[in-house]
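Colleague: model this:
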Amino acid sequence: MTLAVSTYQWYLMVHILMAVVWVGGAHMIQLFATRILKGGDPVRLAAFAKDVAWIGPRIFAPATLLVLVFGFLLVEEADIGYPFWVVFGLVILLLSFFVGAFFLGPESGRIGKLVDERGASDPDVQRRIRRIIVYARFELLLLVLVVVDMVIKPFD
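Modeller: Predicted coordinates for the structure are as follows:
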């Protein structure tokens, strides 16, 4: 018995694995954020924010780019054009990437510097950390909508 794997299947595998890293990672961050916020420890919350700032460019940005690249490769390999469900997913993916690259990432870095300058208990530091968590929760909701979109393929 031989296992024949098509180019499309390879592209799909990488696309899905990177989406799992991205969406699953974002979900885990939110679960940890909720737990840490309930604990009320500003030092732990600030350390968590620094960790998330480290993860973003090293894990989420590459995973996002790979999801995008392999999504384009899948569309080309399948020769399906750009139906609504692909365009919807692409728009949300790009929106999420830009929010992460131009707000969440830089703001996390600024928060890390503020923690070093003012300390973890500073009210402005705590407010900014809570704000970024809210934005990240909204982004996670959008990512879950893209997963649903990719599975259901509405208006196909």
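Colleague: so where's this protein uncertain?
Modeller: Low-confidence segments of the chain, defined by pLDDT under 70: 1.
Colleague: quick one, helices of this structure?
Modeller: Taking DSSP state H, the helices of the chain run over residues 7-19, 25-39, 42-55, 61-78, 84-99, 105-118, 123-152.
Colleague: Show me which residues of the first one are buried.
Modeller: The neighbour-count criterion (16 or more other CB atoms under 10 Å) identifies 11-12, 14-15, 18-19 as the buried residues of helix 7-19. In this view, the C-beta of every residue, glycine as well, is placed from N, C-alpha and C.
Colleague: can I get the residues you listed in JSON lines with distance to residue 96?
Modeller: As requested, the buried residues of helix 7-19 are exported to JSON lines (distance: CB to CB, whole Å):
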{"residue": "11", "distance to residue 96": "21"}
{"residue": "12", "distance to residue 96": "20"}
{"residue": "14", "distance to residue 96": "18"}
{"residue": "15", "distance to residue 96": "15"}
{"residue": "18", "distance to residue 96": "13"}
{"residue": "19", "distance to residue 96": "11"}
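Colleague: Quick check: the two most widely separated of these?
Modeller: Greatest spacing in the buried residues of helix 7-19, by CB to CB: 11 and 19 (12.4 Å).
Colleague: wait, doesn't residue 61 sit right on residue 101?
Modeller: Yes. Under the criterion of CB atoms under 8 Å, residue 61 makes contact with residue 101 at 6.7 Å.
Colleague: got the CA positions of stretch 24-37 in CSV?
Modeller: Extracted in CSV, the C-alpha atoms of stretch 24-37 (Å, rounded to 0.1, in the frame of the first residue of the first chain):
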residue,chain,number,x,y,z
GLY,A,24,-5.6,27.9,19.3
GLY,A,25,-2.8,30.1,20.6
ALA,A,26,-5.0,33.2,20.7
HIS,A,27,-7.6,31.1,22.6
MET,A,28,-5.1,29.9,25.2
ILE,A,29,-3.9,33.5,25.7
GLN,A,30,-7.4,34.5,26.5
LEU,A,31,-7.9,31.7,28.9
PHE,A,32,-4.7,32.6,30.8
ALA,A,33,-5.7,36.3,30.7
THR,A,34,-9.0,35.5,32.3
ARG,A,35,-7.4,33.4,35.0
ILE,A,36,-4.7,36.0,35.7
LEU,A,37,-7.2,38.9,35.8
